[in-house]
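> Kindly generate the corresponding structure for this input.
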Amino acid sequence: MYSKVYWISCDPEHVDGLMQHYDSVVKPAIQSSQHHVGHHMMEAGDGKWLLVSNYHDHAAATAATDMVQQIVNPMAEQFGMMLDPVAEGEVLHSF
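Prediction:
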């Protein structure tokens, strides 16, 4: 498995809209993606989350890049969301 880790942030006034959009648009897209294993999102403050996006392997993460951009770009415009990469790499331990 291969993972990418991001900080997500947005203006606190857009949190509800962002989360509704995430549940209605992003979640189904990730669940139907042939490249993704899934997402883990942890709230880390008011309008700030840590996101771990899991893929089958590095090739799948690369193949999903265009799809991810199509999902993220409207969210940045609509909700002022910022997606800041933290790290990525092969998962060493998973249990």
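> tell me the pLDDT at Gln20?
Looking at Gln20, its pLDDT reads 95.
> On the three-state scheme, it is what?
Here Gln20 is recorded as helix under DSSP: H, G, I helix; E, B strand; the rest coil.
> Next, the contact list for it, please.
Contacts for Gln20 were tallied using Cβ atoms under 8 Å, 6 or more residues apart in numbering; there are none. Heads up, the C-betas are built off the backbone N, CA and C, glycines and all.
> Tell me how far it lies from Asp84.
Distance of Gln20 to Asp84, given as Cβ to Cβ, to the nearest Å: 22 Å.
> same question, Ser3
16 Å.
> Please, where are all the helices along this structure?
15-21, 27-32, 58-63, 65-79 (DSSP state H).
> Turn these into TSV, including distance to Leu92.
Formatted as TSV, these follow (distance: least, Cβ to Cβ, whole Å):
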stretch	distance to Leu92
helix 15-21	31
helix 27-32	23
helix 58-63	14
helix 65-79	23
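> Roughly how far does Met82 sit from Ala76?
Met82 sits 7 Å away from Ala76, taking Cβ to Cβ as the criterion.
> I'd assumed Val68 was in contact with Val26.
No. Using Cβ atoms under 8 Å, Val26 is not in contact with Val68; the gap is 9.6 Å.
> wouldn't Ala76 be in contact with Gln69 here?
No. If you go by Cβ under 8 Å, Ala76 and Gln69 don't touch, sitting 10.1 Å apart.
> Compare these two (neighbour count), which wins?
Ala76 (12 against 9; other Cβ atoms under 10 Å).
> For the more buried one, give its distance to Asp84.
11 Å.
> and what of Thr65?
According to Cβ to Cβ, Thr65 and Asp84 sit 16 Å apart.
> again, but for Ala63
Distance, Ala63 to Asp84, using Cβ to Cβ: 22 Å.
> Counting neighbours, go ahead and name the busier of the two.
Ala63 (15 against 9).
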